[in-house]
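S.K.: got a predicted model here, sequence first, then my questions.
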Amino acid sequence: MDLQSVSFGISGTILPYYCKYIFDNDTWMYSTLYLLETLVLVACVFLCAPLIRRFGKRNTALAGALLAFAGQLLFFLNPPSFPWVVMSCVVRAVGLVPLNAAVFGMIGDVVEFGQWKTHIRQESLIFAGTKVGSGVASASMTGLLLAAGYIRSSAGTVAQPNSALNMIMTIYKFGPLIVAAIAVITLSLYKRDKQYPAKLPERESRGEL
């Protein structure tokens, strides 16, 4: 879930800068990309239920992470092209759909597995990862932009140095790609689907954690 928060944090934070300084349009272009990605996520999430039932949460989410990785690679082919960015956003969003559909069920499995192993339920600690992930992502991007010489201004558009423009491009290119790669690796190692503690309800019925 941390990775999911980081992914949305990167897109939500750096995309307005990308549209403003790379496309010279921070109004309808950003709104179009954000709305399109959101609509794809909402529209396609209902299609995941039969896939999860057949292939399991881990396998479905892993396939989605691979597709998100491929979608971000498309962006590398023509970063300054708005239609190309739109296509990349759509493919990446379709890949993120299974992660969004399965992530809360997978977190529940982790909570149950932790209780089975340690006799302690830690829902709050595990769900707090969403705040940590998004916070770290935003802080990291702000630090990178400032280190690259980004000029903050509340008086409208200012001429940014090439180093800042290159950093904006770099973050939007490599940020989602790194997150998708980590998701692929993490899901490849995820085994909770096969280790679900079937005897936990029996233990709880006896009043034991």
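M.R.: Nice, I can see it.
S.K.: what about Phe69, distance to Ile120?
M.R.: Per C-beta to C-beta, to the nearest Å, Phe69 is found 35 Å from Ile120. From N, CA and C alone the C-beta is placed, and that goes for glycine too.
S.K.: list the buried residues of the helix ranked longest in the chain.
M.R.: Using DSSP state H, we find that the single longest helix of the chain is helix 82-118. Buried residues in helix 82-118, defined by neighbour count with 16 or more other C-beta atoms under 10 Å: 85, 87-103, 106-107, 109-116.
S.K.: which neighbouring elements make contact with that helix?
M.R.: Packing contacts for helix 82-118, counted by 3 or more C-beta pairs under 8 Å, 6 or more residues apart in numbering; DSSP states H and E, involve helix 2-21, helix 28-44, helix 48-55, helix 57-77, helix 123-127, helix 162-189, helix 200-205.
S.K.: what residue ranges in this protein score low on pLDDT?
M.R.: 1-4, 126-131, 154-157, 193-199, 209 (pLDDT under 70).
S.K.: one more pass at 80, please.
M.R.: Residue ranges of the chain with pLDDT under 80: 1-9, 26, 104, 107-110, 112-114, 116-117, 119, 122-136, 153-157, 191-209.
S.K.: burial count for Glu208?
M.R.: 10 (other C-beta atoms under 10 Å).
S.K.: mind checking the SS state of it?
M.R.: coil (DSSP: H, G, I helix; E, B strand; the rest coil).
S.K.: wait, doesn't it sit right on His119?
M.R.: Yes. The criterion here is C-beta atoms under 8 Å, and Glu208 meets it with His119 at 7.3 Å.
S.K.: looking at the helices and strands packed on helix 82-118, which is closest to Tyr150?
M.R.: Minimum separation from Tyr150 across those (C-beta to C-beta) falls at helix 162-189, 4.2 Å.
S.K.: quick one: that closest one to helix 2-21, angle?
M.R.: 160 degrees (axes from the mean of the first three to the mean of the last three C-alpha atoms, to 10 degrees).
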